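[1] Provided below for reference: sequence and predicted model.
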Amino acid sequence: MQAAVIQMLSVPDLASNLRQAQQLLIQARQQGAQLAVLPENFATFGMVSEQLMQAASIVQAWAQQITQTLGLWLVAGSVPVYNPTLDKYWARCWLFNAQGQIVSQYDKQHLFDATVLDQQGGYRESATYCPGDSLSVVSTPIGRLGLGVCYDLRFPELFAELRRLGAECIALPSAFTQVTGAAHWEVLVRARAIETQCYLLAAGQGGDHPNGRQTFGHSLLVSPWGEVLQQASVGEAVLVADCDLDYLHDIRQRMPVVAHKKTLLGSD
Ligand SMILES: O=C(O)CNC(=O)[C@H](CS)NC(=O)CCC(=O)C(=O)O
C-alpha cells in the first residue's frame, strides 16, 4: 500500500494553506496513495496565538470533506486545539479515515523550548502549547500506524512504546528548524526507523516562511531497514512510497530486537 508524505511551505493564512494542501493531496491520491501525512501546523504556521482559536473547527471540517471526496486516509498535521483550562493549545494530530471520520488523535508530548543559533534565537513552544499524555496506534490501509510530532523525534522511548503497541508505520508531522534539521533530521528519522523496524513517514515544512522562520524541509519516507525511499529538498513536495509489510515482517523475523531486549539493571 502506498503512503504519501506532503511537504509544505505554509504561510500565515489559513485559507491559502488549505487550498495548497488540497492540491498536494489530490496529487498524492493521483499517485496512488491510500494515506497521506501533512506537516506540523500545515494550516496555521506563523499565525499568532489569537488567530488560532477558530482554526481547529475549520481545519476539521475541511479534512472531513477532502478525505471523503478523495477516499484518502489523512494524518492532518498537527493543528492547534484550544484547551480552556490552561488557556493554551494542544498540538493535535488527527487521523481521518477515507470516510471523513476521526479514528484517532495524538497531542504532541514534547514541547520545543530550546535555544537555537538561528535568526529566531530560540523557541518556547510551552508558552502557547500544553503537552499531551497518551499515545496512538491504530490500523490503517498501510498497516498499524503510530503518531508522533516533530520534537518528539528526539525521544526514542516514545517510539519504542509505539512499537510495543504494535506500530508498523509511524507518521511524524514536523517543522524542524533549518539549523537543527541540517544537523540531525535525517539521522534521527533513520535511527527511529531502524530501532523500531517501522516505516517512518516524516513530513516537514521546508524553506523561508513569510514570518521569517526558516524550516529544513527534506521530508523523508524511510523503510524499516533504514533505507531512504524518498526525500524532498525544500518547497512543496509530494513523496509516495510503498509500505511493504511482508518486507517489514521479514526484517523483524531476521533480527528480532524486541525479543532480545533486556531490562537494564536500575531501570523500572
Ligand atoms: O510554531 C509553529 O508554527 C510550528 N511548530 C514548530 O515549528 C515546532 C514548535 S516551535 N517546532 C519544533 O518542534 C522543531 C523541533 C526541532 O527543530 C528540533 O527538534 O530540532
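    Cool, the structure landed.
[2] for the chain, what helix or strand is lowest in average pLDDT?
    None of the helices or strands of the chain scores lower by mean pLDDT, DSSP states H and E than helix 49-52, at a mean of 85.
[3] which other helices and strands contact the following helix or strand past that helix?
    Next helix or strand after helix 49-52 toward the C-terminus (DSSP states H and E): helix 55-70. Applying 3 or more C-beta pairs under 8 Å, 6 or more residues apart in numbering; DSSP states H and E, one finds that helix 55-70 makes contact with helix 14-30, strand 73-83, strand 88-96. Glycine gets a C-beta too; all of them are placed from N, C-alpha and C.
[4] try it again with 6 Å
    Judged by 3 or more C-beta pairs under 6 Å, 6 or more residues apart in numbering; DSSP states H and E, the packing partners of helix 55-70 are helix 14-30, strand 73-83.
[5] Is Thr177 bridged to anything, and to what?
    Beta-bridge partners for Thr177, by DSSP bridges, are Thr215.
[6] My guess is it contacts Val116. True?
    Yes: applying C-beta atoms under 6 Å as the test, Thr177 and Val116 come out as touching, 5.4 Å apart.
[7] how much space between whichever residue of the chain sits closest to the ligand and Phe216?
    Closest residue of the chain to the ligand, C-beta to the nearest ligand atom: Thr180 (2.9 Å). According to C-beta to C-beta, to the nearest Å, Thr180 stands 8 Å off from Phe216.
[8] now His260
    Taking C-beta to C-beta, one finds His260 at 34 Å from Phe216.
[9] Who has more neighbours out of the two?
    Phe216 (23 against 7; other C-beta atoms under 10 Å).
[10] Could you point out the bridge partners of the closest residue to Arg92 other than its chain neighbours in the sheet?
    Spatially, and ignoring its direct neighbours in sequence, Arg92 is nearest to Val81 (4.4 Å; C-beta to C-beta, 6 or more residues apart in numbering). Here Val81 sits in beta bridges with Trp90, as judged by DSSP bridges.
[11] Double-check Val81 against Ala91; I have them as touching.
    No: using C-beta under 6 Å, Val81 is not in contact with Ala91; the gap is 8.2 Å.
[12] Comparing those two, which residue is more hemmed in?
    Ala91 (28 against 21).
[13] Residues of the stretch 51-200 of the chain that sit close to the ligand?
    Applying C-beta under 6 Å from any ligand atom, we find that the stretch 51-200 of the chain lies next to the ligand at Phe112, Tyr123, Glu125, Cys150, Tyr151, Arg154, Ala175, Phe176, Thr177, Thr180.
[14] repeat that with 5 Å
    Phe112, Tyr123, Glu125, Cys150, Tyr151, Ala175, Phe176, Thr177, Thr180 (C-beta under 5 Å from any ligand atom).
[15] burial measure for the last one, as a count.
    Think Thr180. So Thr180, with other C-beta under 10 Å, has 19 neighbours.
[16] what's the helix or strand hosting it packed up against?
    When secondary structure is defined by DSSP H and E, Thr180 falls within helix 178-196. Under the contact definition 3+ C-beta pairs under 6 Å, 6+ apart, helix 178-196 sits against helix 156-164, strand 199-203, strand 214-216, strand 220-222.
[17] what mean pLDDT would you report for the last one?
    Strand 220-222 carries an average pLDDT of 98.
[18] Same check on the first one?
    When pLDDT is averaged over helix 156-164, the result is 98.
[19] What is the distance between that helix and the centre of its chain?
    Chain-centre distance of helix 156-164: 15 Å, with C-alpha atoms, centre = their mean, to the nearest Å.
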